[in-house]
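Novice: A predicted structure for the sequence below; I have some questions about it.
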Amino acid sequence: MPRPKPLRNADSSGTMKLTSFLVQRDSAGASKGKMHKEHCYPAPEPVMAETEPDSVSQQSLEKSGDTTACDNNSSASQSASSCSSDQDVCSSFSASSPDIGKFFNKRSSLTDGDVFHILTNHWKPPSSYQFPLPKGKKQGRRCQRQWFEQFPWLAYSTSDDGVFCKHCVFFSSCENLQVNFVGKPFNQWQKALEKIREHGDTGKHRDALMKSENFVARMKQPEAGIDVVLDEAAAAQIEKNRLVLAGIIKIILLCGRQGLALRGTDDDGVLGENNRSNFNALLKFSIDSGNDTLKQHLQTCASNATYISKTTQNNLIQIIGDEIQSQVLAEVRDAKFFSILADEVTDKANWEQLSLVLRYVHKGEIKEEFMTFIQCEDITGETLANNILNALREWGLDIQNLRGQGYDGASNMSGKFKGVQARLKEVNPKALYVHCASHCLNLLCFESLQRATSEEHV
Ligand SMILES: [Zn+2]
């Protein structure tokens with residue numbers, strides 16, 4: 001005989017998983033020692049580049065003697081001294097819109113200032129830009145503009161007609177430098193979307209992204225200590241994650257309040273036209289209404305961390321339920337005395353489910369709050385009474401403060417000797433039994449209608 005389903009546990013794995021999402025600090029700490037300290041000029045404000053990549057300033061960079069950004073012969077220290085002694089080089093660089101394709105595999109020869117400038121000012125294709133067709137072809141697939149909105153980490157290189165991951169180019173821990181997006185441009189446009197998503201899902205990309213964000217934050221606030229910058233970056237990430245979860249939780253709460261099922265049997269996870277569950281429809285509505293945080297999250301998150309799967313929905317429902325339950329219990333403890341209402345019903349899987357409601361007075365108002373369903377092995381008075389007593393014990397409610405019991409008139413509930421009410425009275429004689437008034441009304445209506453119908457036929 002299967003065991004009854006236990007009551008909700010606030011320390012479910014779902015809670016743990018979601019908590020880790022909220023407080024993830026990633027590997028930022030690990031990158032502390034690897035960050036370069038030298039930078040030869042104040043960090044420039046990031047600007048949107050809307051012109052062609054500035055090849056002139058790139059040439060001036062080469063002519064002026066600072067070849068560090070263009071070849072790999074100079075060391076980082078040479079680059080730093082070059083910048084500190086030649087402000088013209090730095091200023092010409094900071095005014096340009098560098099093509100990221102000229103800098104991959106050159107991290108060691110770039111100053112931190114150079115990297116910051118490339119990350120924040122790299123060339124972006126303007127709206128009028130026509131992406132070229134593959135070399136030597138008159139038709140075929142080409143780079144698509146919307147990919148850059150969908151994946152903010154992508155950067156286009158005109159010199160290669162390819163895309164890079166701007167974070168991995170400078171911060172990847174990948175040992176193989178010939179990897180697409182990192183050490184060589186990606187331009188297999190037929191498989192682009194699949195490969196771009198694949199790269200965005202890798203742990204090494206996420207690690208590089210976090211290092212890059214920390215780096216940019218440190219460069220923007222050079223006066224702040226590294227710990228402060230890392231804490232701020234982590235706090236910003238946590239805040240962003242909270243906003244994402246808040247958007248998802250609000251949809252679940254709305255469905256709960258309106259009595260809407262979240263999904264059908266096969267509507268899991270993917271947000272698309274074919275998935276028409278209420279949850280996904282509301283998610284889409286929220287994004288279309290301007291929830292950019294949620295939009296960006298779903299466009300860039302790893303496929304196993306969307307936080308919209310049925311598993312996450314169920315975890316969130318349980319967490320919300322636990323929270324509501326704890327608030328109700330706080331009110332009941334505050335009221336001290338309480339009553340219970342219970343009834344059992346057979347579910348679709350032929351299991352007996354005992355629904356349990358608490359009735360109490362809170363701030364002068366009578367409240368009746370549903371607490372839980374308890375799966376029962378059978379529906380004898382003894383089993384049901386034990387389940388109720390166990391639930392009250394688990395919630396920390398004193399059975400001696402029970403003042404009323406309301407059930408239907410079935411003998412297993414209302415029986416004077418072996419019914420639930422009699423067994424609870426054995427424990428606390430002050431727990432008076434009242435035949436549930438709503439159930440009486442239901443019986444009355446049913447009987448009246450039945451008689452009215454039969455008289456009509458006569
Ligand atoms: Zn990457």
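Specialist: Alright, I've got the coordinates. Numbering: from 1, shown residues only.
Novice: alpha carbons only for contacts and neighbour counts from here, please
Specialist: Noted.
Novice: and Thr372, what element?
Specialist: strand 365-376 (DSSP states H and E).
Novice: mind listing what's buried in that strand?
Specialist: Neighbour-count burial for strand 365-376, counted by 16 or more other Cα atoms under 10 Å, picks out 367-376.
Novice: From the residues you listed, pick the one nearest the ion.
Specialist: Thr372 (46.2 Å; Cα to the ion).
Novice: I'd like the distance between the closest one and Leu392.
Specialist: 11 Å (Cα to Cα, to the nearest Å).
Novice: now Leu341
Specialist: For Leu341 relative to Leu392 (Cα to Cα), the value is 13 Å.
Novice: So for those two, which sits in the more crowded spot?
Specialist: Leu341 (21 against 15; other Cα atoms under 10 Å).
Novice: Hmm, Leu354 and that one touching each other?
Specialist: No: in this structure, Leu341 is not within contact of Leu354 by Cα atoms under 8 Å, at 10.3 Å.
Novice: Which of the helices and strands in this protein ranks last by mean pLDDT?
Specialist: The helix or strand of the chain with the lowest confidence, counting by mean pLDDT, DSSP states H and E, is helix 76-85 at a mean of 34.
Novice: near the ion, which residues of the stretch 201-350 of the chain show up?
Specialist: His205 (Cα under 5 Å from the ion).
Novice: Could you rerun that using 8 Å?
Specialist: 202, 204-206, 208-209 (Cα under 8 Å from the ion).
Novice: Looking at those, which is nearest Lys430?
Specialist: Taking Cα to Cα as the measure, Lys430 sits nearest to Arg206 out of these, at 61.7 Å.
Novice: And for that closest one, nearest residue in space, chain neighbours not counted?
Specialist: Gly200 (7.2 Å; Cα to Cα, 6 or more residues apart in numbering).
Novice: Around that neighbour, count how many other residues there are.
Specialist: Gly200 has 21 nearby residues by other Cα under 10 Å.
Novice: wait, what's in contact with it?
Specialist: Under the criterion of Cα atoms under 8 Å, 6 or more residues apart in numbering, the neighbours of Gly200 are 206, 300-302.
Novice: I'd like to know which of the residues you listed are buried.
Specialist: Buried among the contacts of Gly200 (16+ other Cα under 10 Å): 206, 300-302.
Novice: Looking at these, spot the one nearest the ion.
Specialist: Among the buried ones among the contacts of Gly200, Arg206 lies closest to the ion (Cα to the ion), at 6.9 Å.
Novice: Need phi/psi at the closest one.
Specialist: Arg206 adopts backbone torsions of phi -60, psi -40, taken as degrees, to the nearest 10.
Novice: Just the pLDDT for it.
Specialist: pLDDT, Arg206: 87.
Novice: Can you tell me the element Asn105 falls in?
Specialist: Asn105 belongs to no helix or strand, assigned by DSSP H and E.
Novice: is it true that it touches Val179?
Specialist: No: in this structure, Asn105 is not within contact of Val179 by Cα under 8 Å, at 10.8 Å.
Novice: Tell me who's in contact with Cys174.
Specialist: Cys174 neighbours (Cα under 8 Å, 6+ apart): Lys204.
Novice: Am I right that it is in a helix?
Specialist: No: under DSSP: H, G, I helix; E, B strand; the rest coil, Cys174 sits outside any helix and is assigned coil.
Novice: okay, it: pLDDT?
Specialist: Reported pLDDT for Cys174: 74.
Novice: Give me the distance between it and Arg206.
Specialist: For Cys174, the distance to Arg206 - Cα to Cα - is 12 Å.
Novice: Grab the nearest non-local neighbour of Asp161.
Specialist: Asn187 (6.8 Å).
Novice: Touching, that neighbour and Phe164? I think so.
Specialist: No: the pair Asn187 / Phe164 is not scored as a contact, 9.4 Å apart, by Cα under 8 Å.
Novice: Which one of these two is surrounded by more residues?
Specialist: When neighbours are counted by other Cα under 10 Å, Asn187 and Phe164 differ, and Phe164 comes out ahead with 25 against 20.
Novice: Quick check: the more buried one touching Phe186?
Specialist: Yes: using Cα under 8 Å, Phe164 is in contact with Phe186, at 6.5 Å.
Novice: Could you name every residue contacting both of these two?
Specialist: By Cα under 8 Å, 6+ apart, the residues touching both Phe164 and Phe186 are Asn180.
Novice: now the strands: where do they sit in this protein?
Specialist: 154-157, 162-165, 338-346, 352-362, 365-376, 402-407, 432-435 (DSSP state E).
Novice: so which of these is the most packed in?
Specialist: strand 162-165 (a mean of 25; mean count of other Cα atoms under 10 Å).
Novice: and His362, how far is that from the ion?
Specialist: The spacing between His362 and the ion, counted by Cα to the ion, to the nearest Å, is 55 Å.
Novice: hang on, that residue packs against Ala335?
Specialist: Yes: with contact defined as Cα under 8 Å, His362 reaches Ala335; the gap is 6.2 Å.
Novice: Can you pull out the low-pLDDT segments for the stretch 251-400 of the chain?
Specialist: 267-270, 272-275 (pLDDT under 70).
Novice: In this structure Arg376 contacts Asn350, no?
Specialist: I think there's a mix-up here, since residue 376 is Cys and not Arg. No: taking contacts as Cα under 8 Å, Cys376 lies outside contact range of Asn350: 10.7 Å.
Novice: ok, back up a step: show the model's pLDDT score for the residue nearest to Arg206.
Specialist: 86.
Novice: if we can go back for a sec, with distance to the ion added, can I get the buried residues of strand 365-376 in JSON lines?
Specialist: Shown next, in JSON lines, are the buried residues of strand 365-376 (distance: Cα to the ion, whole Å):
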{"residue": "Lys367", "distance to the ion": "54"}
{"residue": "Glu368", "distance to the ion": "54"}
{"residue": "Glu369", "distance to the ion": "50"}
{"residue": "Phe370", "distance to the ion": "49"}
{"residue": "Met371", "distance to the ion": "47"}
{"residue": "Thr372", "distance to the ion": "46"}
{"residue": "Phe373", "distance to the ion": "47"}
{"residue": "Ile374", "distance to the ion": "48"}
{"residue": "Gln375", "distance to the ion": "49"}
{"residue": "Cys376", "distance to the ion": "52"}
